[in-house]
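Student: Here is a sequence with its predicted model. Questions after.
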Amino acid sequence: FEANPGFVAPAERRNEVISFVKSGLRDLSISRTTFDWGVKVPGNDSHVMYVWVDALANYITAAGYPDTKAERWRYWPANLHMVGKDIVRFHAIYWPAFLLSAGIELPNRVFAHGFLFNRGEKMSKSVGNVIAPADLVEKYGLDAIRYFFLAEVSLGQDGSYSHEAIVNRINADLANDLGNLAQRSLSMVAKHCNKQMPLCGDLTSQDNEILAQADALLEQITPLMEKQKIHQMLGAIWKVVANANRYFAAQEPWALRKTDRERMATVLYVTAEVLRQVAILAQPVMPDAAGKLLDLLGVGAKKRDFINLGPEGRLAPGIELPAPVGVFPRYIEKNESEEKS
């Protein structure tokens, strides 16, 4: 653990593991005799395998072990092993010990996520505050729920959610910031640019500044993702979204339509290009919604990878665009009578 301080994260869990190891490690029995359910120990049916030996071994047997020439074995060692904080000891102490004893490579990193609380309270059937994930998805949408939890909660820490917090994220970040920018700009493209991606004219310092911010995002967020700081990654992307909204408002393309249509086209193009890069980067969190936005921007399926980010992947002027539709609708409260109907 000292030689590889990044092996266990976050820091609280690493300190917990180190404290346990420093307290002194004792031999661990890998079988049990007090019950008979489980995997029998070969050659001794009176013993069953200790459940954590059985369970943890599934990680490598699923990858083909002991056949190290199996096609799936290329997936081991895992780059990242994500576990709950309540079982970090089994994955960060027992599991590495098992692997080392067998001469098998360790996963590169074990990251322990925290717990989710309902309005700050631990979920409990006796309290009656347990909410099924499927119910949240049905009410708010799958992409919206994914975005909320990953943006709201620092991975590795405990997090809390409530109806009000979810609605605020949906309406502020998705509907108002990203959704409204996409709808306003693409509606103008459809109406005033013959439903085609506009030509990009001479760029001003303001154009270059917002494009540079979008171009720099991948390099900026990659180290954040490597350290599982997903909320900071999304924060960096949405900072560019906020700046793009300010850029769009300051350039006033609706006014330019009457005075300088070439400049209007450039502003709309620059805005669309920022939206393209934001949508590509948002795909891991919101694959469906981001995909729909890329459809509206005329970005083909083969041009949606991170390799297409930056100046080399700029939008092609003149391509036909579909009619713009809302990708991120606002969440509107329903009264009880409406919900029942």
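Tutor: Everything's here; your move.
Student: need the contact list for P287.
Tutor: Going by Cβ atoms under 8 Å, 6 or more residues apart in numbering, P287 touches D143. Glycine gets a C-beta too; all of them are placed from N, C-alpha and C.
Student: Next one, pLDDT for it please.
Tutor: As predicted, P287 sits at a pLDDT of 97.
Student: Okay, it and A272: tell me how far apart.
Tutor: Separation of P287 from A272 (Cβ to Cβ, to the nearest Å): 20 Å.
Student: what's the answer for P329, then?
Tutor: 21 Å.
Student: cool, A175 as well?
Tutor: Applying Cβ to Cβ, the value for A175 to A272 is 19 Å.
Student: picking up where we left off before, who has more neighbours, P329 and A272?
Tutor: Neighbour totals were compared for P329 and A272, and A272 leads with 24 against 14 (other Cβ atoms under 10 Å).
Student: Now that one: which helix or strand?
Tutor: Using DSSP states H and E, A272 sits within helix 261-282.
Student: Could you pull out the helices in the stretch 1-150 of the chain for me?
Tutor: 11-22, 51-61, 88-89, 95-101, 133-140, 142-152 (DSSP state H, counting those that start in this stretch).
Student: May I see the ones you listed organised as CSV, with mean pLDDT added?
Tutor: Shown next, in CSV, are the helices of the stretch 1-150 of the chain (pLDDT from 0 to 100):
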stretch, mean pLDDT
helix 11-22, 95
helix 51-61, 93
helix 88-89, 96
helix 95-101, 95
helix 133-140, 94
helix 142-152, 97
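Student: R263: which of these is closest?
Tutor: With respect to R263, and counting by Cβ to Cβ, the nearest of the helices of the stretch 1-150 of the chain is helix 142-152 at 33.9 Å.
Student: K302 in helix, strand or coil?
Tutor: At K302 the chain is in helix, as set by DSSP: H, G, I helix; E, B strand; the rest coil.
Student: which element follows the helix holding A272 toward the C-terminus?
Tutor: Scanning forward in sequence from helix 261-282 by DSSP H and E, the next helix or strand is helix 287-296.
Student: how about that next one: buried residues?
Tutor: Of the residues in helix 287-296, A289, A290, G291, K292, L293, L294, D295, L296 count as buried by neighbour count, 16 or more other Cβ atoms under 10 Å.
Student: what about stretch 129-149, distance to the chain center?
Tutor: Using Cα atoms, centre = their mean, to the nearest Å, the mean C-alpha position of stretch 129-149 is found 15 Å from that of the whole chain.
Student: Quote the end-to-end distance of that stretch.
Tutor: This stretch, stretch 129-149, spans 18 Å end to end (Cα to Cα, to the nearest Å).
Student: which other residues reach it?
Tutor: Against stretch 129-149 from outside (Cβ under 8 Å, 6+ apart): 116, 118-119, 121, 123-124, 159, 161, 165-167, 169-170, 173-174, 234, 285-290, 331.
Student: Now go through those and say which are in strands.
Tutor: Among the contacts of stretch 129-149, the members found in strands (DSSP state E) are L116, N118, G159, Y161.
Student: Read off the pLDDT value for the third one.
Tutor: This means G159. For G159, pLDDT reads 93.
Student: That one is in contact with V153, isn't it?
Tutor: Yes - between G159 and V153 there is a contact at 3.1 Å, judged by Cβ atoms under 8 Å.
Student: which residues are common contacts for those two?
Tutor: Joint contacts of G159 and V153 (Cβ under 8 Å, 6+ apart) are G114, L116.
Student: on that earlier part again, buried residues, the helix holding A272. List them.
Tutor: 263-282.
Student: Contacts only, for the most centrally placed residue in the chain.
Tutor: Closest to where the C-alpha atoms of the chain average out (Cα atoms, centre = their mean) is V285, at 3.6 Å. By Cβ under 8 Å, 6+ apart, the contact list for V285 reads D143, R146, Y147, L150, I230, L234.
Student: Hmm, K229 and the fourth one touching each other?
Tutor: No - L150 is beyond contact range of K229, at 10.6 Å (criterion: Cβ under 8 Å).
Student: Next one: L142 from A182, what distance?
Tutor: 19 Å.
Student: more neighbours, these two?
Tutor: Looking at L142 and A182 with other Cβ under 10 Å, you find the greater number of neighbours at A182, namely 26 against 16.
Student: Surely the more buried one forms part of a helix?
Tutor: Yes - applying three-state DSSP, one finds A182 inside a helix.
Student: isn't it right next to L296, touching?
Tutor: Yes - using Cβ under 8 Å, A182 is in contact with L296, at 7.0 Å.
Student: between those two, what contacts are shared?
Tutor: Taking Cβ under 8 Å, 6+ apart as the criterion, A182 and L296 both touch P324, V327.
Student: what stretches of the stretch 101-250 of the chain score poorly on pLDDT?
Tutor: Applying pLDDT under 70 to the stretch 101-250 of the chain flags no residue at all.
Student: check contacts around K229.
Tutor: Residues counted as contacts of K229 (Cβ under 8 Å, 6+ apart) are S154, L155.
Student: what's the spacing between it and F1?
Tutor: 21 Å.
Student: next one: Q251
Tutor: Counting by Cβ to Cβ, the gap from Q251 to F1 is 53 Å.
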